[in-house]
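A.B. asks: sequence unknown, structure follows:
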């Protein structure tokens, strides 16, 4: 009987130790905060992954997700500096940076955090876009606008222990009633810019053409001048050669006779023709055999 009682007590002791052990140990995972409470008050926050110890039945734990989370904010209307309406569709990447503030202000409830984030990002977006004209908003969409909105929105999140990693406009559209008119105006402006570039290009092309034509005319004139000089020099040399070849009276007479024959030959081409010669001409004397 005594052994049975001792066995029962030992079993109870093992169970008690197991229960105490189970309530005194907990694990912290990657990208997780665990707040340790004692009688409802936060006494410490475990941030490093691993196995941790608490006082059983006195202390309790509250887990908080420390990973970066995505929140897609509903699209909203915003007004530009020149009173043009636009529709901004934004998403946010956010994370908890101070778990104690996050618990104290929002009881570590993500839905409440998203409500605060949505309000802060909307106000930041409205402020940024209201400081720009519609054209400036369209031109600066991207990194410039993202940085403005993110920085402004973060200024309201410090008290909640939250950091907005980025607040980016994924689409920035125009209301249906004025979208067509704005696009047509933008197309017209781009066409005017294109026409200006085309006119500048045509003027530059004409300038190059005029300079080229001038250079060609100068080169052509120089070439013609050189050709005329060479032709004159050639004719002078030709006359010098003829003068040297027929430098006696007999040679000169023979040259004139040959030229006369060539002239007569050319005049007889093209059909029947009659030539009237003076009886005293050299050609007539030759034909009659007169020396």
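C.D. replies: Ah, there it is. Computed from a predicted structure; not experimentally measured.

A.B. asks: By mean pLDDT, point me to the weakest helix or strand of the chain.
C.D. replies: helix 2-24 (a mean of 53; mean pLDDT, DSSP states H and E).

A.B. asks: thought residue 35 was touching residue 101?
C.D. replies: No - applying C-beta atoms under 8 Å as the test, residue 35 and residue 101 come out as separate, 11.2 Å apart. All C-beta atoms are positioned from the backbone trio N, CA, C, and that covers glycine.

A.B. asks: Who has more neighbours out of the two?
C.D. replies: Between residue 35 and residue 101, residue 35 has the larger neighbour count (other C-beta atoms under 10 Å), namely 19 against 16.

A.B. asks: For the more buried one, give the beta-bridge partners.
C.D. replies: residue 45, residue 62 (DSSP bridges).

A.B. asks: got the contact list for it?
C.D. replies: Residues near residue 35 by C-beta atoms under 8 Å, 6 or more residues apart in numbering: 42, 44-46, 61-62, 64, 99-100, 103, 108.

A.B. asks: Relative to residue 160, how far out is it?
C.D. replies: 15 Å (C-beta to C-beta, to the nearest Å).

A.B. asks: where along this protein do the strands fall?
C.D. replies: 25-28, 32-38, 41-46, 50-53, 59-65, 69-72, 76-79, 85-96, 162-173 (DSSP state E).

A.B. asks: would CSV of these with mean pLDDT be doable?
C.D. replies: Putting the strands of the chain into CSV (pLDDT from 0 to 100) gives the following:
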stretch, mean pLDDT
strand 25-28, 82
strand 32-38, 90
strand 41-46, 87
strand 50-53, 81
strand 59-65, 87
strand 69-72, 94
strand 76-79, 87
strand 85-96, 90
strand 162-173, 88
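
A.B. asks: hmm, back to that, columns distance to residue 184 and neighbour count on top of the contacts of residue 35, output as JSON lines?
C.D. replies: As requested, the contacts of residue 35 are arranged in JSON lines below (distance: C-beta to C-beta, whole Å; neighbours: other C-beta atoms under 10 Å):
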{"residue": "42", "distance to residue 184": "60", "neighbour count": "14"}
{"residue": "44", "distance to residue 184": "64", "neighbour count": "14"}
{"residue": "45", "distance to residue 184": "58", "neighbour count": "16"}
{"residue": "46", "distance to residue 184": "61", "neighbour count": "19"}
{"residue": "61", "distance to residue 184": "62", "neighbour count": "13"}
{"residue": "62", "distance to residue 184": "58", "neighbour count": "15"}
{"residue": "64", "distance to residue 184": "52", "neighbour count": "17"}
{"residue": "99", "distance to residue 184": "53", "neighbour count": "23"}
{"residue": "100", "distance to residue 184": "55", "neighbour count": "14"}
{"residue": "103", "distance to residue 184": "54", "neighbour count": "20"}
{"residue": "108", "distance to residue 184": "51", "neighbour count": "19"}
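
A.B. asks: Among the residues you listed, give me the pair with the biggest separation.
C.D. replies: Across those, the longest distance by C-beta to C-beta is 15.6 Å; it joins 44 and 108.

A.B. asks: how about low-confidence regions in the stretch 51-200 of the chain?
C.D. replies: Low-confidence segments of the stretch 51-200 of the chain (pLDDT under 70): 141, 176-183, 185-186.

A.B. asks: Can you get me a residue count around residue 156?
C.D. replies: Neighbour number of residue 156 under other C-beta under 10 Å is 17.

A.B. asks: Same question for residue 87.
C.D. replies: Residue 87 has 15 neighbours, counted by other C-beta under 10 Å.

A.B. asks: repeat for the one 4 residues further on
C.D. replies: Close neighbours of residue 91, defined as other C-beta under 10 Å, add up to 15.

A.B. asks: Quick check, it in contact with residue 74.
C.D. replies: No - the pair residue 91 and residue 74 fails to qualify as a contact (C-beta under 8 Å) at a distance of 10.6 Å.
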